[in-house]
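> the following comprises the amino acid sequence and a computationally predicted model.
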Amino acid sequence: MNKKLLLLIAVAAGVLGFFALGLDDYLTLDQLKASQARFGELLTQYPVLVPAAYFVIYVIVTALSLPGAAIMTLAGGALFGLWQGLLLVSFASSVGATLAFLVARFLLRDTVERRFGERLKAIDRGIERDGAFYLFTLRLVPIFPFFIINLVMGLTRLRIWTFYWISQVGMLAGTAVYVNAGTQLAAIERVGDILSLELLLSFVLLGLFPWIARAIVAVVQKRRVYKPWQKPKRFDRNLVVIGAGAGGLVSAYIAAAVKAKVTLVEAHKMGGDCLNYGCVPSKALIKSARVAQQMRHADQYGLQPATPQFSFRAVMARVHRIIAEVEPHDSVERYTGLGVEVLQGYAKIIDPWTVDIALNDGGSQRLTTRAIVIAAGAAPLIPDLPGLEDVDYVTSDTLWDAFAELDAPPRRLVVLGGGPIGSELAQAFARLGSTVSLVQRGERILHKEDPEVSELARQALQRDGVQVLTEHSALRCERDGERKLLVVAHAGEEKTIEFDQLLVSVGRKARLTGYGLEELGIPTAKTVTTNDYLETLYPNIYAAGDVAGPYQFTHTASHMAWYAAVNALFGQFKRFKVDYSVIPWTTFIDPEVARVGLSEEEARERGIACEVTRFELAELDRAIADSATSGFVKVLTVPGRDRILGATIVGTQAGDLLAEFVLAMRHGLGLNKILGTIHTYPTLAEANKYAAGEWKKAHAPERVLRWLARYHQWRRGGTA
Ligand SMILES: Cc1cc2nc3c(=O)[nH]c(=O)nc-3n(C[C@H](O)[C@H](O)[C@H](O)COP(=O)(O)OP(=O)(O)OC[C@H]3O[C@@H](n4cnc5c(N)ncnc54)[C@H](O)[C@@H]3O)c2cc1C
């Protein structure tokens, strides 16, 4: 028989036996008073056996969470006196509590984890950080029921030893009060009278003591961090923001909106990477590439296919035109109009309250400020590849200007890196006529997505002519006169790939040097290290966006910016922990790949139980009408419930379709709510509703339906 079942039967038998035998009648104040003299005689006769039996019974009562622990404690004082009673009760109650904690953990933890996986993770993180504090407070204040604390703590990941010793120490004062009361048993009328209001309040104060102590330690630490620096008496600004990408712009905007005096410093281009080198140019290019592809495959729509005739220079000019069209949204003029002072220059943090700006037009300016938001972004990662510097490679930073000079797309383009940026650009350039080889070290592209998604992406790219070379490691670049070569290793052999242009897109690394982090000793790893409030080592210096991670998206940069700016300006009243619980993203290949929450693979790796529901776009009227049937909607839900754990959509406009799932997850709406929402016919968005419908079908109440069939049969007069 399974161990859990055995334990459950043993616990249930213990509890039932206790009540069936009427043992609860013995654990009352009256019974205790009536039997005190008899127990006293027994103790004189058996001075070792009686304390031992008392200890064991106490452990059993608490381990099984039976009522009567308070009476047992009084009995300890009445029988053994204060010190021996305290010793026995203190150990017996801690051992019993730990057993109850273990029983709860063994029997229920897995089930609770499966059901509340992600939410429980947040609680576990809190327990890891503050569990000992919580437990100590709960133990010290005897109004929190003893057995509930044991059971609930068993469901968390608190370590057993921590639970034991904190329980022992935390319960000592309360135990002493009860044992001491037991020594004057005759004077007690009701158990509830033992704790006076004053005594309760002193316990509450004692319980709060560790928190107060911790707050004091935090203040002391903060002072120590700031000690080497001279804090200005007055400040020129409430906030200085470094970097005018998504993170910096939003931080500055929020500060200005709440009437703070804010300066935004940008060393290069307003709008940062997204506008100038990232999202905007790449999506503009992808659009041209898609139109070209549609022309080639116009026969799909009953039209004459055509080889697109175009000037690549014009395509790239359009990309720059699009940037210029979006530019006013992020411009100095717009932000100045919103109440932000914008300085164009390179910012350097001199001390926790001072920023030096080397202005682009010469000169410098030094500003003191209450708070700083670092939003310095990230830059393309350049691999340490021998010969790379000799082949005039481009990155996402340089390609837009470099390619604007070309009359035709690079004839042979090698894209190094099969992440979202590499995959998007590889497909776009292939559609614009380049012969593209995508070199990826790992075994699949878009490796953060489920394998089936990577496979669909690979097929999509290959359909457009991209040679997808997975499990190919770049070894070095070589130059042979005008010829440029990439040497790769694959299956134990070296291969060379000749190219005209090499695009390096192996990832992006946070900008961490040159602007004061090193001098101030602000810790960094891959990104600037922050706490949940986005505070760096110095609580008045915050970091947001790519420079702080963990995601590298425009929308996460602006999301973080809200927390950084609000905490920077109002943290003395209330601070907000950054919430990464529902983060969507899209890779804009064709078909698009969009995701929010868990993927199937992640759920498996993290041991989170889930149900998977799929709806194929091939079944959707609008997708059929558009000849865009490649893809699916995949939704992960809590087993037996409609709560969404994650959604992946592959298909045309997947990024837009995903918004419905993002909303649902953010606001706790389940698949039933999506199913109960009218979606316009015929739209691609109906795919979400049909996915919800698939889930509903799988959860149809079969037994009720069988009865309904009988009912209708009866209504027809019993005909089959
Ligand atoms: C090709 C490509 C495509 C992308 N596509 C998408 C997409 O489709 N969707 C999406 O969400 N994300 C996309 N991204 C990612 C997105 O661009 C970034 O996540 C986003 O720009 C991060 O914003 P940020 O404010 O953190 O940093 P950035 O936009 O990098 O801005 C940081 C700014 O700080 C400035 N700076 C740095 N140090 C200093 C200093 N000391 N003083 C003054 N100024 C300084 C820099 O000049 C820069 O302008 C893409 C990126 C690339 C490269």
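Perfect, thanks for sending it.

> tell me the mean pLDDT over stretch 59-79?
In this model, stretch 59-79 has an average pLDDT of 88.

> end to end, how far does it reach?
Start to finish, the residues bounding stretch 59-79 are 17 Å apart (CA to CA, to the nearest Å).

> go through it and flag the buried ones.
Neighbour-count burial for stretch 59-79 flags 59, 61-66, 68-79 (criterion: 16 or more other CB atoms under 10 Å). No exception for glycine: its C-beta is placed from N, CA and C like everyone else's.

> now do that stretch: distance to the chain's middle.
Taking CA atoms, centre = their mean, to the nearest Å, the mean C-alpha location of stretch 59-79 is offset from the chain mean by 43 Å.

> same thing with stretch 109-128?
What separates the centre of stretch 109-128 from the centre of its chain is 13 Å, taken as CA atoms, centre = their mean.

> could you do stretch 274-281 as well?
In terms of CA atoms, centre = their mean, the gap separating the centre of stretch 274-281 from the centre of its chain is 26 Å.

> need the contact partners of that stretch.
Outside of stretch 274-281, the residues that reach it under the criterion CB atoms under 8 Å, 6 or more residues apart in numbering are 245-246, 268-269, 271, 319-320, 322-323, 326-327, 330, 396-397, 400, 554, 557.

> averaged pLDDT, the helix or strand that residue 254 is a member of. What do you get?
Taking DSSP states H and E as the criterion, residue 254 maps to helix 246-257. Average pLDDT, helix 246-257: 98.

> give the buried residues for it.
The neighbour-count criterion (16+ other CB under 10 Å) identifies 246, 247, 248, 249, 250, 251, 252, 253, 254, 255, 256 as the buried residues of helix 246-257.

> from the contact counts, what lies against it?
Using 3 or more CB pairs under 8 Å, 6 or more residues apart in numbering; DSSP states H and E as the contact criterion, the elements in contact with helix 246-257 are strand 237-242, strand 262-266, helix 272-276, helix 332-337, strand 364-374, helix 554-570.

> does that helix reach the ligand?
Yes: on the criterion CB under 6 Å from any ligand atom, helix 246-257 is in touch with the ligand at 246, 247, 248.

> wait, what's in contact with the residue nearest to the last one when sequence neighbours are not counted?
Looking back up the chat, that one is residue 248. Here the nearest residue to residue 248 in space, its sequence neighbours aside, is residue 375; by CB to CB, 6 or more residues apart in numbering that works out to 3.6 Å. Contact analysis of residue 375 by CB under 8 Å, 6+ apart lists 241-248, 251, 543-545, 547, 557, 561, 564.

> please report how far residue 375 lies from residue 425.
Look at residue 375 and residue 425: by CB to CB, to the nearest Å, they are 25 Å apart.

> so which residues on the stretch 151-300 of the chain come close to the ligand?
Where proximity means CB under 6 Å from any ligand atom, the interface of the stretch 151-300 of the chain facing the ligand comprises 242-248, 265-268, 272-274, 277-279, 282.

> correction: the previous question concerned the stretch 301-450 of the chain.
Selection of the stretch 301-450 of the chain residues close to the ligand by CB under 6 Å from any ligand atom yields 346, 347, 375, 376, 377, 378, 396, 421.

> buried stuff in stretch 637-656?
Buried residues in stretch 637-656, counting neighbours by 16+ other CB under 10 Å, are found at 637-638, 642-655.

> again but with stretch 515-531, I slipped
For stretch 515-531, by 16+ other CB under 10 Å, it's 515, 516, 517, 520, 522, 524, 527, 528, 529, 530.

> including pLDDT and secondary structure, could these go into JSON lines?
Shown next, in JSON lines, are these (pLDDT from 0 to 100; DSSP: H, G, I helix; E, B strand; the rest coil):
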{"residue": "515", "pLDDT": "98", "secondary structure": "coil"}
{"residue": "516", "pLDDT": "97", "secondary structure": "coil"}
{"residue": "517", "pLDDT": "97", "secondary structure": "helix"}
{"residue": "520", "pLDDT": "96", "secondary structure": "helix"}
{"residue": "522", "pLDDT": "96", "secondary structure": "coil"}
{"residue": "524", "pLDDT": "96", "secondary structure": "strand"}
{"residue": "527", "pLDDT": "98", "secondary structure": "coil"}
{"residue": "528", "pLDDT": "98", "secondary structure": "strand"}
{"residue": "529", "pLDDT": "97", "secondary structure": "coil"}
{"residue": "530", "pLDDT": "97", "secondary structure": "coil"}
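
> distance to the ligand added to the residues you listed, as a markdown table?
A markdown table is the format used below for those (distance: CB to the nearest ligand atom, whole Å):
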| residue | distance to the ligand |
| --- | --- |
| 515 | 4 |
| 516 | 8 |
| 517 | 10 |
| 520 | 13 |
| 522 | 13 |
| 524 | 14 |
| 527 | 10 |
| 528 | 11 |
| 529 | 16 |
| 530 | 13 |
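
> just want the residue of the stretch 301-450 of the chain that's nearest the ligand.
Going by CB to the nearest ligand atom, the ligand is nearest to residue 377 of the stretch 301-450 of the chain, at 2.1 Å.

> contacting residues around that residue?
Applying CB under 8 Å, 6+ apart, one finds that residue 377 lies in contact with 243, 245, 247, 272, 273, 510, 511, 545, 546, 547, 557.

> go again with 6 Å.
Residues in contact with residue 377, defined by CB atoms under 6 Å, 6 or more residues apart in numbering, are 243, 245, 272, 273, 511, 546, 547.
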